[in-house]
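Asks: got a predicted model here, sequence first, then my questions.
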Amino acid sequence: MGELTVTRAAEEDRAAFLASVDGLFHEDAAVHDPYGDPEWVNRGGAAYFTDLLADPRAVPLLARSGDRAMGHLVGRALVPDTLRPGTRVAVLESIRVSPEARGQGIGGRLVEAFFAWAKEQGAVRAGVTAYAANESAQRFYAKHGFVPASVTLRAPL
């Protein structure tokens, strides 16, 4: 394995980035969300990536070892809401590390890069959501400083 780098994704990273997003949808949404569409990347991924590259409040990060993509992270800096004027929050929208590369600190490096970017954007805190049944994701986030702040409840109709 080559040296690990975490960089902002660019147009030439489109295929590798979307392959990682696709893996996330198949591993996470398809397992934990009965309404999730694991094939979404095939329909909406290209436009999503184009929008990420154009959005100054978004950061698409790609972790690589040599020329091999090992994972991705998407972060966003939200505009301050009217209830908390002047308080900018960053959201970790998605993260995935390739299964064969897990446990090597790659996810942590992605989160560190996201936190650094969020601070540059003026964010005072970061947030993330995880499926309640995805305990390994919750442990990962806790390891990197995230603490529970609210609970979303759902009822089938």
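Replies: Perfect, I can see it now. Numbering: from 1, shown residues only.

Asks: which residues sit in contact with the residue nearest in space to the middle of the chain?
Replies: When CA atoms, centre = their mean is applied to the chain, the residue found nearest the centroid is Ser94 (2.2 Å). The neighbours of Ser94, taking CB atoms under 8 Å, 6 or more residues apart in numbering as the test, are 21, 24, 72-74. Every residue, glycine included, has its C-beta placed from N, CA and C.

Asks: swap in Pro60?
Replies: The contact partners of Pro60, taken as CB under 8 Å, 6+ apart, are 8-9, 17, 49, 52-53, 72-74.

Asks: tally of neighbours for Gly75?
Replies: Residues near Gly75, counting by other CB atoms under 10 Å, number 27.

Asks: hmm, I typed the wrong one, I wanted Ile95.
Replies: 24.

Asks: Phe114 touches Gly71, doesn't it?
Replies: No: taking contacts as CB atoms under 8 Å, Phe114 lies outside contact range of Gly71: 12.0 Å.

Asks: could you pull out the helices in this structure for me?
Replies: With helices called from DSSP state H, the chain shows them at 14-24, 30-32, 40-54, 106-120, 135-143.

Asks: nearest to Arg64, of those helices?
Replies: With CB to CB, the closest approach to Arg64 among those belongs to helix 14-24: 7.9 Å.

Asks: residues making contact with the worst-scoring helix or strand of the chain on mean pLDDT?
Replies: Each helix and strand of the chain was given a mean pLDDT (mean pLDDT, DSSP states H and E); the minimum falls on helix 30-32 at a mean of 82. Residues from elsewhere that reach helix 30-32, judged by CB under 8 Å, 6+ apart: 36, 38, 131, 133-134.
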